[in-house]
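Asker: Sequence and computational prediction follow.
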Amino acid sequence: MAQPIKSKIQEAHPEVNIHPFLTLLIDGTNLLRISMADTKRNTSGYHIGGIFQFLLQVKMLLKKYDFDYVYVFFDDEYSGELRYRVYSEYKANRDKKYGEHVGISDYMKKYNDTLKNMQKYIFEKKAPKMEEGEPIKPKEKSDYEKFIEENFARERDTLCKYFNELFIRWMIDEETEGDDLIAYYVKNKKQEERIVIVSSDQDLTQLISETVCIYDPRQKKIISHKNFKELKGFPVQNVVLKKILLGDVSDNIGNISQLSEARLMELMPEIAERPVTVQEVRNRAQQKCDERIAEKKKPLKWQENIVNGVSNKHYDGDFYEINKILVDLSEPLVTEAAKEEIDNMRYNVQDPEDRTFENLYSFILEDDITDLRSDKVFVSFFEPFKKLVNKEKERYKKEIL
C-alpha cells in the first residue's frame, strides 16, 4: 500500500503532487480537409462526409487514449493576416485577400469581393501577358479545391455545434492561424500536461518534445521525439532550420535561391545527426566560398546566396529574419485577443446545463447525418465520448457546485 506523503515533504517538493494528464489538440482545418475526401451525402444531397469522418477520427482516438481535455483549432478564411503583414507575398498563390477583410463588416467584405472580381475580370480580358518577375498569379483551383471551398464552412460550423454538446472546446480567430493557436497552447501548457496533436501538417512537427507528440491522420502514425529522426532522417530540432532555408512552396514562402535539400545536406551533413543553427550553415557556406577563392576558382552561386541571404522571392528586409518569423512556431504569431480567448478556455470548467446527448441526437437527425440516424448506431458511435463528457461534468461538480 502506498504510504501518505508528509506535509513538510510536500511543501519542500511540490513536484511530487504532479499528476500527469493527457490533452488532445486537433488541427481542425487539416483534419476536416482530409475528412472531406469521404463522399457521403445525406438524403437532401448535401455532402456530410467531412462531418462523419472527422467525428470518426476523434472517436477512434478517444477509444485508444484517455484524454482529459480536447480542443479543436480552425483557420478562418483570412487568418494568415499576421504573416501577410510581415511578408506581403504570403499565400499569394492561393488568391487570398489579406488586409481587406479583418475588422470590417460583412457588407464591406462582400463589396470588396465583388470589386476584386470585377477588376480580375477586366485584367484577364484586357491586360497584356505578365512578364517574368511580376507578382505571382494565383493558380487555377482544381474541382476538388472548389468543392472544399463550397462545403468546408458549412461542415465546420456543423461540427462546432456538435462539439458544444460533447464538451469539446473549439476556437477560430479571424487573424490567427490554427498552427499558431496550437503552438501558443503548447508553449503555455502545464508542466504535467502530455499533449497529442492531430495533424498531417509537417509545420507542427517542430512542436514535438518529450511531452508533445503528433498523430498523423493520413499515415495513421504517432510521431514522437523517440522516432522522429528514424522517420524523417534528421533531429526534430532541425525542422525550423530547413524551413527557414528551403521555404514553403505551398505558402509561397521563399527559399535561398538555387538551394535544394540535396545541396543543403551536401554542404552540412551534420543536419542529419545533430541540431544545427542557421549561422553554422552560413559559416560553412562562407568557408566553402573562401576555399574556392584560395584555389583561384569562382565561388558557387548557391553558396554565396546562403552567405548573403539571397532568395528566389522578393523580400522587403532580411531574408533570414523574415523567414524565421514566418516559420518558427516557438514564437507563434497570435493576436492578444486570441491569447486571451485561449487562456480563458484552457482548463476552465464547462457548465453542463443544456449540453446533452439528446440534443446531439436531435442535431444529427436535423442535419440528416445518415450513418448516425439509427438509435443503436448513435449510442455505439458516441460511447467513447462519454468518458470525456463525464470527466468534464465531474470537474464542474468539484469546482463550481
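Answerer: Everything's here; your move.
Asker: which of the residues in stretch 241-253 are buried?
Answerer: Residues 241, 242, 243, 244, 245, 246, 247, 248, 251, 252, 253 are the ones in stretch 241-253 that count as buried (16 or more other C-beta atoms under 10 Å). All C-beta atoms are positioned from the backbone trio N, CA, C, and that covers glycine.
Asker: what's it in contact with?
Answerer: By C-beta atoms under 8 Å, 6 or more residues apart in numbering, the residues outside stretch 241-253 that reach it are 87, 89-94, 136, 203, 234, 254-256, 259-261, 264, 271, 276-278, 281, 306, 311-313, 320, 323-324, 326-328.
Asker: which residues of the stretch 1-150 of the chain fall in helices?
Answerer: Secondary structure of the stretch 1-150 of the chain (DSSP state H, counting those that start in this stretch): helices located at 7-12, 28-35, 49-64, 81-86, 106-126, 143-165.
Asker: Could you find the closest non-adjacent residue to residue 201?
Answerer: Nearest non-adjacent residue to residue 201, counting by C-beta to C-beta, 6 or more residues apart in numbering: residue 30, 5.1 Å away.
Asker: do residue 318 as well
Answerer: Residue 318 sits nearest to residue 309 (C-beta to C-beta, 6+ apart), 6.3 Å away.
Asker: Could you report the separation of that neighbour from residue 245?
Answerer: Residue 309 sits at a distance of 10 Å from residue 245 (criterion: C-beta to C-beta, to the nearest Å).
Asker: what's the overlap in contacts for these two?
Answerer: Common contact partners of residue 309 and residue 245 (C-beta under 8 Å, 6+ apart): residue 256.
Asker: Count the residues that sit near residue 398.
Answerer: Look at residue 398: counted by other C-beta atoms under 10 Å, it has 9 neighbours.
Asker: How about residue 355?
Answerer: The burial count for residue 355: 16, using other C-beta under 10 Å.
Asker: and it, that one's in a helix?
Answerer: No - membership of residue 355 in a helix is not supported by DSSP: H, G, I helix; E, B strand; the rest coil, which gives coil.
Asker: What ranges does the protein have for its strands?
Answerer: In the chain, the strands defined using DSSP state E lie at 21-27, 69-75, 169-173, 193-198, 212-216, 221-223.
Asker: Tell me which of these approaches residue 380 most closely.
Answerer: In terms of C-beta to C-beta, the element of those nearest to residue 380 is strand 69-75, at 19.7 Å.
Asker: Would you map out the domains in the protein?
Answerer: The chain breaks down into these domains under automatic domain parsing: 19-83+144-236+332-399, 96-137, 239-327.
Asker: Now render the ones you listed as TSV, adding mean pLDDT.
Answerer: Putting the domains of the chain into TSV (pLDDT from 0 to 100) gives the following:
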stretch	mean pLDDT
domain 19-83+144-236+332-399	96
domain 96-137	49
domain 239-327	97
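Asker: re earlier: got the contact list for the residue nearest to residue 318?
Answerer: 256, 318, 319, 320 are the contacts of residue 309 under C-beta under 8 Å, 6+ apart.
Asker: Residue 185 versus the residue sitting furthest away from the middle of the chain, what's the distance?
Answerer: Most distant from the centre of the chain: residue 296, at 48.3 Å, with distances by C-alpha atoms, centre = their mean. Noted for residue 296: a distance of 56 Å to residue 185, by C-beta to C-beta.
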